[in-house]
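K.L.:
Pasting a predicted model and its sequence here:
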Amino acid sequence: MISSICWLPRGAAKPVPVAAPMTDEELAAMREKASDLAAGVLEGSDVEDADDAEPSDSSGWETEGDDDDMDVESAVAKARAAAEAIASSSGRTAAGAAGSKNSKGSQAAAGGLEAALAELDMDHYDSSDDEGVDREALLADPDAPASAAVIARALGGRSAGIILNDPYMQSAAGGADSDADSDAADGLADLDSDEREDYVLRDSDLLILAARNEDNVSTVEVWVYEEASSSTGGEANIYVHHDILLPAFPLCLAWMDCSPSGSSSRANMVAVGSMDPGIEIWDLDVAEQVEPTCTLGGIDAAAQQAAVEAAQSAAGASSKSAKKKAKQKLKKKAAEMDKQLKPGSHSDAVLGLSWNREYRNVLASCSADKTVKVWDVVSQKCEHTLSHHRDKVQAVAWNPAESPVLLTGSYDRTACLVDVRQPSGAALSWSISADVEALTWNPGSPTCFLVSSEDGLVASFDARAGAGSNPIFRLSAHNKPTCAMSFCHGAAGLLATASTDKVAKLWDVPDNQPQLLASKEPKLGAIFTAGFCSDVPYLLAMAGAKGAVGVWDIRSSSEVAAKYPALMHDVVANQ
């Protein structure tokens, strides 16, 4: 299933994701492993000598240790006999055909076989190549000829052996090539022309992020949508470009251009909320990442490990009679140890995220722990914790005109407005008919917001009317929970809704008198998420239970074309 999607602004992503750089710790670990492997190979003859001195039958493979030398001699003798037989046969055949002249040739052939056997030196097959050589010197200089030969033989004859100080093994801090584009180009070396054409992102490509879980494997997928053109055979095309493996079930996404490093340049990042209390931030321009760029809140691994070690130490130091009690206490505290959280962290699943486009380092989150938090992405700290809801908080959204104003919706059947400039002030609250599923601001009227609920209703409110005011209109959009809402950026008053009833609908709501324009069942199963593209306003992306992303080109609706002809003009301009 796909729980959340969001569009990337066109041009925000690099044409080719760069390879994830190795950290200094990873590089040191690789070099240590290579060094251990080299040492193990060079010390191998000592181990073999010990095995020869004390043969063992426990493995079932060696049962005649005393006859090893005899077996080798027998094998060499058989090889010589075979060589002589071949040489003799070659000589007789040649003699029958050409007489004494070929007899000399057979002798030469026999001599050649003898020379080949001598070169193999079967009598010294088990001898180490580095006998008489200083092992410490070899380990200190792994590029020395003797050690290189031994290591290369262990690695299947690769003459390069192991290079412990490979100049091309560079960390993120000291890469061999600082040019990211060059690194990206190197990543295309193994791709054929067709694969390269699909992998390199073009300026015309539209990108969609999808939070997906299938067979208990969680990922963020980067989908590429190509509009219909002559290059696509006259049909639209959509496919997965690459993905990011996640440690927990993803629930929400928020794209942002602010890097946690604090760089002033525009980045290409995504914040991911999941069943874990931490908010992971990933760099979408880096492929094959193992860890996020940073995590806001979440489990404090260092504190958790310290607590476990302290408890184990206390249990080990106690007497036998007290060890049982200590173990019982450890079991009781196991859950608490799992909850060793960073300061300011959520304590339960993160259900919703919203990035502030005006204050680019600000991210809002809401959680099943009944709180709303405001984060500084650069300092990676929680600036404010809001506790005005009495149940799980499902959604948050910053006001597009007044950036410090935050809209929140909860399972306590309320929608609230808070000004984070005065976080201790009382929140303005409106009652909702059922648990809140989604909410959005009306971009054509920034003081108005819409809230959808579990009973399928969509209610619109005007904040200027004050807290607790009646809705401007109430719309029975679907007969099941309305999970998603989105306003079209290119047509004022064009609203899309989507539901677990598997249907997406388009509504005309400019005069607060909703009118259904079109509906579509995209065969995606129950729809959990949907959104219009800001760059191409006639494209609506949707996803849900079947784990696929669908894109509805609303130009296909004659009602939409008649009501919003400007969308058709945009289409002509883009062709």
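P.N.:
Received the coordinates, thanks.

K.L.:
Who is S452 paired with across the strands?
P.N.:
A438, V458 (DSSP bridges).

K.L.:
burial count for it?
P.N.:
29 (other C-beta atoms under 10 Å). From N, CA and C alone the C-beta is placed, and that goes for glycine too.

K.L.:
try L201
P.N.:
Neighbours of L201 (other C-beta under 10 Å): 18.

K.L.:
Residue numbering should commence at 48 henceforth.
P.N.:
Sure thing, new numbering starts at 48, so read that last one as L248.

K.L.:
I'd say it and K61 touch.
P.N.:
Yes. Contact criterion C-beta atoms under 8 Å: L248 and K61 qualify, at 7.4 Å.

K.L.:
what is in contact with those two at once?
P.N.:
Counting by C-beta atoms under 8 Å, 6 or more residues apart in numbering, L248 and K61 have no common neighbour.

K.L.:
hang on, isn't R602 packed against M615?
P.N.:
Yes. With contact defined as C-beta under 8 Å, R602 reaches M615; the gap is 6.6 Å.

K.L.:
got any residues that touch both of those two?
P.N.:
Counting by C-beta under 8 Å, 6+ apart, the residues touching both R602 and M615 are A608.

K.L.:
What is the three-state secondary structure of D245?
P.N.:
Following DSSP: H, G, I helix; E, B strand; the rest coil, the label given to D245 is helix.

K.L.:
which residues touch it?
P.N.:
V271, Y286, H288.

K.L.:
just the buried members of these?
P.N.:
Neighbour counting with 16 or more other C-beta atoms under 10 Å marks V271, H288 as buried within the contacts of D245.

K.L.:
Packing partners of the helix or strand hosting V607?
P.N.:
Under the criterion of DSSP states H and E, V607 resides in helix 605-610. Here helix 605-610 touches strand 551-555, strand 562-567, helix 612-621, going by 3 or more C-beta pairs under 8 Å, 6 or more residues apart in numbering; DSSP states H and E.

K.L.:
What pairs with the shortest one, parallel or antiparallel?
P.N.:
Each strand that strand 551-555 pairs with, and the sense of that pairing, follows from DSSP bridges: strand 541-546 (antiparallel), strand 562-567 (antiparallel).

K.L.:
what stretches of the protein score poorly on pLDDT?
P.N.:
Scanning the chain for pLDDT under 70 picks out 69-70, 85-120, 122-123, 126, 129-242, 278-279, 350-386, 616-622.

K.L.:
my read: Q562 touches W554, true?
P.N.:
Yes. With contact defined as C-beta under 8 Å, Q562 counts as touching W554 (6.7 Å).

K.L.:
Between these two, point out the one with more neighbours.
P.N.:
The residue with more neighbours, out of Q562 and W554, is W554; 19 against 14, by other C-beta under 10 Å.

K.L.:
if you skip the residues just before and after it, what's nearest to that one?
P.N.:
Spatial nearest neighbour of W554, chain neighbours left out: L542 (4.4 Å); criterion: C-beta to C-beta, 6 or more residues apart in numbering.

K.L.:
Please report the number of neighbouring residues for that neighbour.
P.N.:
Neighbours of L542 using other C-beta under 10 Å come to 25.

K.L.:
And stretch 560-577, what's buried?
P.N.:
So stretch 560-577, judged by 16+ other C-beta under 10 Å, has buried residues P561, L564, A565, K567, P569, L571, G572, A573, I574, F575, T576, A577.

K.L.:
roughly how far apart are the second one and A609?
P.N.:
Right, L564. 9 Å (C-beta to C-beta, to the nearest Å).

K.L.:
Kindly report the same for the third one.
P.N.:
Distance check for A565 against A609: by C-beta to C-beta, it reads 11 Å.

K.L.:
One more: the fifth one?
P.N.:
Note on P569: its distance to A609, by C-beta to C-beta, is 22 Å.

K.L.:
same question, T576
P.N.:
28 Å.

K.L.:
now do T547
P.N.:
Taken as C-beta to C-beta, the span from T547 to A609 is 30 Å.

K.L.:
Give me the more crowded residue out of those two.
P.N.:
Higher neighbour count among T547 and A609: T547, with 20 against 10, using other C-beta under 10 Å.

K.L.:
The more buried one contacts F575, doesn't it?
P.N.:
Yes. With contacts counted by C-beta under 8 Å, T547 reaches F575, the gap being 7.3 Å.

K.L.:
Spit out the residues that contact these two alike.
P.N.:
Common neighbours of T547 and F575 (C-beta under 8 Å, 6+ apart) are C530, G591.

K.L.:
want to try CSV for the strands paired with strand 551-555, with distance to L254 as columns?
P.N.:
Formatted as CSV, those follow (distance: least, C-beta to C-beta, whole Å):
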stretch, distance to L254
strand 541-546, 19
strand 562-567, 23
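
K.L.:
quick one: which of those strands is nearest V424?
P.N.:
V424 sits nearest to strand 541-546 of all the strands paired with strand 551-555, at 29.1 Å, using C-beta to C-beta.

K.L.:
send the alpha carbons of that closest one over as PDB?
P.N.:
The C-alpha atoms that make up strand 541-546 are tabulated as PDB, following Å, rounded to 0.1, in the frame of the first residue of the first chain:
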ATOM      1  CA  LEU A 541     -11.300  23.500  -8.200                       C
ATOM      2  CA  LEU A 542     -11.200  21.000  -5.300                       C
ATOM      3  CA  ALA A 543     -10.300  17.300  -5.500                       C
ATOM      4  CA  THR A 544     -11.300  14.700  -2.900                       C
ATOM      5  CA  ALA A 545     -10.500  11.000  -2.600                       C
ATOM      6  CA  SER A 546     -11.800   8.300  -0.400                       C
END
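
K.L.:
Helices of the stretch 348-497 of the chain, residue ranges please.
P.N.:
Using DSSP state H, counting those that start in this stretch, the helices of the stretch 348-497 of the chain run over 348-364, 367-385.

K.L.:
quick one: P561 and L522 touch, right?
P.N.:
Yes. The criterion here is C-beta under 8 Å, and P561 meets it with L522 at 4.7 Å.

K.L.:
Identify the contacts common to those two.
P.N.:
Contacts common to P561 and L522, judged by C-beta under 8 Å, 6+ apart, are V505, W554.

K.L.:
wait, S401 sits on A444?
P.N.:
Yes. Judged on C-beta under 8 Å, S401 makes contact with A444 at a distance of 5.2 Å.

K.L.:
Looking at those two, which one has more neighbours?
P.N.:
S401 (24 against 19).

K.L.:
Distance-wise, check that one relative to V65.
P.N.:
Relative to V65, and taking C-beta to C-beta, S401 is found at 28 Å.

K.L.:
Repeat that for L504.
P.N.:
47 Å.

K.L.:
And A531, by the same measure?
P.N.:
33 Å.

K.L.:
now the strands for the stretch 348-497 of the chain?
P.N.:
Using DSSP state E, counting those that start in this stretch, the strands found in the stretch 348-497 of the chain span residues 397-402, 409-414, 419-423, 428-433, 440-445, 452-457, 461-466, 475-478, 483-488, 495-500.

K.L.:
all strands for the stretch 198-347 of the chain, in order.
P.N.:
Counting by DSSP E, counting those that start in this stretch, the stretch 198-347 of the chain has strands at residues 253-261, 264-273, 284-293, 297-303, 316-321, 326-330, 333-334, 341-343.

K.L.:
looking at the ones you listed, which is buried most?
P.N.:
strand 316-321 (a mean of 25; mean count of other C-beta atoms under 10 Å).
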